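**Student:** I would like to see how this sequence folds:
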Amino acid sequence: MSRSPRSLRWTVLDAALIAALLHAASCTLTDGSFTPTEIDALTPDAGPLPADAPREVVASPEPVSSEPVSSDPAPAEPMTPSEPDAGASNACQGAEQQAGCPLLQSPPPAAAASPECVGNADCASLHCEGGACIPASCTDGISNQGESGVDCAGPCSARCPEGGGCAAGEDCADGLFCSESARLCTRASCVDDARNGNESATDCGGSCPPCPVGTACGANADCATGVCRAGVCAAPSCNDGLLNQNESAADCGGRCDPCTPGRACRADDDCDSDVCDNRGCAQGIARCCQPPRCNDGVRNGSEPFIDCGNAQCGACPIGSQCARNADCDSGLCQGGTCRVQPCEDRQRNGTETDVDCGGTAAACARCALGQLCQVAQDCGAGASCLGGRCANCGNSQRDGTETDVDCGGVCGACGPGQACDLDTECDRGVCQDGRCCGGNGADCTRCARALAGTVSCETNAGANAAQCNAFLQCLADNPGACPTRLTADCSDAGAVCDAARFGGNGSPGVVVADSIIGTSQCLF
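**Tutor:** As a prediction, the model looks like this:
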């Protein structure tokens, strides 16, 4: 009879299933003479399969011919691992049963692989993903591989942020510290009652306010006093090697001992020399202590008195303090003060007749010419006391009060042409332009107008007074050309004082002028 391929596929499949079921029911069908009864036609319409029959659909065998099924069934196609016949496999287990299961000669499918992990806790890396453990990394978002926080510290280069886990301060990012209690990176605070951040003590030191005396410190800057000794803030002192308190330089000046020369100062009393100045200071020092000098106005160094009294500075000047005569350059120390020796005080005192001379004191010098005297003994050798002044009017020298050689002053009047200061110092009573007038030379005509004396152009020349005065002035203005009235080139025609210009020799004005000159005993 003819069978369609679809009917044949179901016949073979169902035959195999039935044989498996029978074998499972009795497990006695081990005789090799068993021949399965041919089933005429099995179609999907033949009825439902037993409830416990497997329902997997196996691969279709190769198409078979339309001949009746042989009593020795052909071997079934091997099942692929992806399509196991679970029922047949379970019914035919073991080598002794395979002879009765000719359709299941292929090996059973391999068991499915079990997963490597179910959760992160199953992995050393604490990272389970898709059933597999993933190696730890610094970007997996998990705190693993020795990290103190998530993906930070430990083997990771990143430092942990605020709130991240930490084991030590170096695990945290800059500006954070590792809280000892919470083991979290925390932002440091100077008021959190804990020593953290870069504090040297609780809430002080480092970037917090400096610490008081007695608290821990790591550097001078940690202390309010600026002094950190043996790890503890200490009070400032004059031997701490620091510039503090009100010192002008480290450990000197201010409340400490004065500073030595060259060290910084603010005032004179900062220095052992008592002199603070800007002279010779090192670079960066505005004012420094100066070494003692003999002109600094201060008693310093080995000076017994201000700027004097020792071998370096010498004896003390007048007015300085002293203890003995040798301290003074005057050789006289009276009442603790260097004083001038008698007759050296530049004052007229005692019996002196003039400043530091004359009188009866043997230590006083004799007065010089021109100085005051009372007797000749007040004056130097060879001098006389004339008119109360020392003078020597016969030594052919101009000295003393003389205005010219041996004349003037206390030595009597000077003649025409000699030097004078006053009219009384001239024998003619007229001193004109520093010289005495009169005589028979140029000094006569040079002073013609001044020598008029009692003879007056105004009263004797009448209307010609102006010509008289003009003629006398012309003679006085030209002493070189007119040493006398009638000198050539003086009053002749065409001369500098041509008489014709003043009315002629016989005019009243010139006649009166000649009378004035004659009265002064000048030659015409």
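**Student:** alpha carbons only for contacts and neighbour counts from here, please
**Tutor:** Will do.
**Student:** Tell me which stretches of this structure form helices.
**Tutor:** 5-26, 86-91, 442-446, 457-460, 465-477, 508-519 (DSSP state H).
**Student:** ranking those helices by mean pLDDT, which is last?
**Tutor:** Among those, helix 5-26 carries the lowest mean pLDDT, at a mean of 39.
**Student:** now A500, nearest residue through space, not along the chain?
**Tutor:** A493 (7.0 Å; CA to CA, 6 or more residues apart in numbering).
**Student:** What about that neighbour, how many residues nearby?
**Tutor:** 14 (other CA atoms under 10 Å).
**Student:** again with A249
**Tutor:** Neighbour tally, A249, other CA under 10 Å: 21.
**Student:** Run through the residues that contact it.
**Tutor:** 243, 259, 263-265 (CA atoms under 8 Å, 6 or more residues apart in numbering).
**Student:** Might one say that P479 is in contact with R446?
**Tutor:** Yes - using CA atoms under 8 Å, P479 makes contact with R446 at a distance of 5.2 Å.
**Student:** Specify which residue of those two has the higher count of neighbours.
**Tutor:** Remark: of P479 and R446, R446 carries more neighbours, 27 against 19, as counted by other CA under 10 Å.
**Student:** how far away is that one from C482?
**Tutor:** Distance, R446 to C482, using CA to CA, to the nearest Å: 8 Å.
**Student:** swap in L422?
**Tutor:** Distance from L422 to C482, by CA to CA: 25 Å.
**Student:** Compare these two (neighbour count), which wins?
**Tutor:** C482 (26 against 18).
**Student:** Skipping adjacent residues, who's closest to the more buried one in space?
**Tutor:** C490 (5.1 Å).
**Student:** Touching, the one you found and D477? I think so.
**Tutor:** No - under the criterion of CA under 8 Å, C490 is not in contact with D477, lying 11.2 Å apart.
**Student:** Tell me which of the two has more neighbours.
**Tutor:** Neighbour count, other CA under 10 Å: between C490 and D477, C490 has more, with 23 against 17.
**Student:** so who does that one touch?
**Tutor:** 475, 481-482, 496-498 are the contacts of C490 under CA under 8 Å, 6+ apart.
**Student:** Just give me the neighbour total for C390.
**Tutor:** So C390, with other CA under 10 Å, has 29 neighbours.
**Student:** Need the nearest residue in space to it, chain neighbours excluded.
**Tutor:** L369 (4.5 Å).
**Student:** What number of residues are in the vicinity of that neighbour?
**Tutor:** L369 has 23 nearby residues by other CA under 10 Å.
**Student:** okay, now the domains of the chain?
**Tutor:** As given by automatic domain parsing, the domain ranges for the chain are 5-100, 414-524.
**Student:** looking at these, which has the lowest confidence?
**Tutor:** Going by mean pLDDT, the lowest-scoring of these is domain 5-100, which has a mean of 42.
**Student:** hey, what's in contact with both of R446 and C482?
**Tutor:** With CA under 8 Å, 6+ apart as the test, R446 and C482 both reach L475.
**Student:** Phi first, then psi, for the residue nearest the centre of the chain.
**Tutor:** The chain has G284 as the residue nearest its centroid, 8.0 Å off, counting by CA atoms, centre = their mean. When quoted as degrees, to the nearest 10, the phi and psi of G284 stand at phi 90, psi -10.
**Student:** Can you give me the neighbour number for the nearest residue to V232 once chain neighbours are set aside?
**Tutor:** Spatially, and ignoring its direct neighbours in sequence, V232 is nearest to A216 (4.6 Å; CA to CA, 6+ apart). The number of residues packed near A216 is 23, by other CA under 10 Å.
**Student:** How much space separates A216 from R485?
**Tutor:** Remark: distance between A216 and R485 (CA to CA) = 118 Å.
**Student:** cool, and A465?
**Tutor:** 18 Å.
**Student:** quick one, which of these two is more surrounded?
**Tutor:** With neighbours defined as other CA under 10 Å, A465 and R485 compare such that R485 has more, 25 against 20.
**Student:** Does that one touch R446 like I think?
**Tutor:** No - if you go by CA under 8 Å, R485 and R446 don't touch, sitting 10.5 Å apart.
**Student:** list the residues that contact both of the two?
**Tutor:** Joint contacts of R485 and R446 (CA under 8 Å, 6+ apart) are L475.
**Student:** residues in contact with the residue nearest to T360 when sequence neighbours are not counted?
**Tutor:** Distances taken as CA to CA, 6+ apart put T351 closest to T360, at 6.0 Å, once the chain neighbours are dropped. Shown in contact with T351 (CA under 8 Å, 6+ apart): 358-361.
**Student:** Rebuild these as JSON lines, extending it with pLDDT and distance to A413.
**Tutor:** Converted to JSON lines, the contacts of T351 look like this (pLDDT from 0 to 100; distance: CA to CA, whole Å):
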{"residue": "G358", "pLDDT": "93", "distance to A413": "27"}
{"residue": "G359", "pLDDT": "91", "distance to A413": "29"}
{"residue": "T360", "pLDDT": "89", "distance to A413": "32"}
{"residue": "A361", "pLDDT": "84", "distance to A413": "35"}
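**Student:** from the residues you listed, which single one is nearest A450?
**Tutor:** G358 (41.7 Å; CA to CA).
**Student:** Okay, that closest one and R348: tell me how far apart.
**Tutor:** From G358 to R348 the distance is 10 Å (CA to CA).
**Student:** How about E425?
**Tutor:** Counting by CA to CA, the gap from E425 to R348 is 29 Å.
**Student:** Quick one: which of the contacts of T351 is the most crowded by neighbours?
**Tutor:** For those, neighbours tallied by other CA under 10 Å; top is G358, 29 neighbours.
**Student:** Tell me which residues touch it, please.
**Tutor:** By CA under 8 Å, 6+ apart, the neighbours of G358 are 351-352, 364-367, 373, 377-379.
**Student:** run the last query once more with 7 Å
**Tutor:** Shown in contact with G358 (CA atoms under 7 Å, 6 or more residues apart in numbering): 352, 364-367, 373, 378-379.
**Student:** swap in D122?
**Tutor:** Contacts of D122 by CA under 7 Å, 6+ apart: none found.
**Student:** how many neighbours does the nearest residue to Q473 once chain neighbours are set aside have?
**Tutor:** When the adjacent residues along the chain are set aside, Q473 lies closest to R449, with 6.2 Å between them (CA to CA, 6+ apart). R449 is flanked by 23 other residues according to other CA under 10 Å.
**Student:** quick one: buried residues of stretch 203-222?
**Tutor:** 203-208, 210-213, 215-222 (16 or more other CA atoms under 10 Å).
**Student:** now, among the contacts of T351, which is nearest to G434?
**Tutor:** G358 (32.2 Å).
**Student:** how much space between that closest one and C373?
**Tutor:** Counting by CA to CA, the gap from G358 to C373 is 7 Å.
**Student:** G387 too?
**Tutor:** Computed as CA to CA, the G387 to C373 distance reads 9 Å.
**Student:** thought A216 was touching R229?
**Tutor:** No - counting by CA atoms under 7 Å, A216 does not reach R229; the two are 9.4 Å apart.
**Student:** quick one: the strands in the stretch 201-350 of the chain?
**Tutor:** Secondary structure of the stretch 201-350 of the chain (DSSP state E, counting those that start in this stretch): strands at 228-229, 232-233, 276-277, 288-289, 333-334, 337-338.
**Student:** a markdown table for the ones you listed, including mean neighbour count and distance to A513?
**Tutor:** As requested, those are exported to a markdown table (neighbours: other CA atoms under 10 Å; distance: least, CA to CA, whole Å):
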| stretch | mean neighbour count | distance to A513 |
| --- | --- | --- |
| strand 228-229 | 21 | 111 |
| strand 232-233 | 24 | 113 |
| strand 276-277 | 21 | 79 |
| strand 288-289 | 29 | 84 |
| strand 333-334 | 19 | 72 |
| strand 337-338 | 23 | 70 |
